[in-house]
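Engineer: okay, here's the prediction I keep looking at, along with the sequence it came from:
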Amino acid sequence: MKPKIFITNNLKQLAEKYPSVRFSYAYRSVSKTHVVQVEPRAFFESDSAYLEDEYLLETAFNKMFPGEDILFISSGSLMQLDYPEKTFGSLLFSFESSQDESQLDIEGLYVEVSYSAKNLQLAKAA
């Protein structure tokens, strides 16, 4: 099995287990590093079940692919994934507006929204 396939299969499983979390993946060929960005940051830093799953995934990866590295990051990390190769999981956006129409720019995706309530939540399954 190739490293990318191993990681993407595991990220799909994590996304199913943690449906409110987004997992983004990219490979840095220069450093042979597979980077996984996990959002939201609070979940990434403090969810004990997830942290155990991350540890198990990292340990298995290191045993199977000793010549490559895997790095888990979140918002606020020194490295960010501006252009992930793959994204798994959900995105949830929440905002308030006093107008009946608003415009959003969600990671480069332009969205116009019309609504009648002051609070609106958008969910996008990746």
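Structural biologist: Noted; the coordinates are in hand.
Engineer: name the helix or strand of the protein that has the lowest mean pLDDT.
Structural biologist: Lowest by mean pLDDT, DSSP states H and E among the helices and strands of the chain is strand 109-114, with a mean of 45.
Engineer: which residues does stretch 46-65 contact?
Structural biologist: 1, 3, 6-7, 10, 14, 17-18, 21, 34, 38, 43-44, 68, 70, 72 (CB atoms under 8 Å, 6 or more residues apart in numbering). Every C-beta, even on glycine, is put in place using the N, C-alpha and C of the backbone.
Engineer: out of those residues, which sit inside strands?
Structural biologist: Among the contacts of stretch 46-65, the members falling in strands (DSSP state E) are H34, V38, I70, F72.
Engineer: what sits up against stretch 73-82?
Structural biologist: With CB under 8 Å, 6+ apart, stretch 73-82 has contacts from 24-26, 35-41, 44-45, 71.
Engineer: run the chain-centre distance for stretch 39-51.
Structural biologist: 12 Å (CA atoms, centre = their mean, to the nearest Å).
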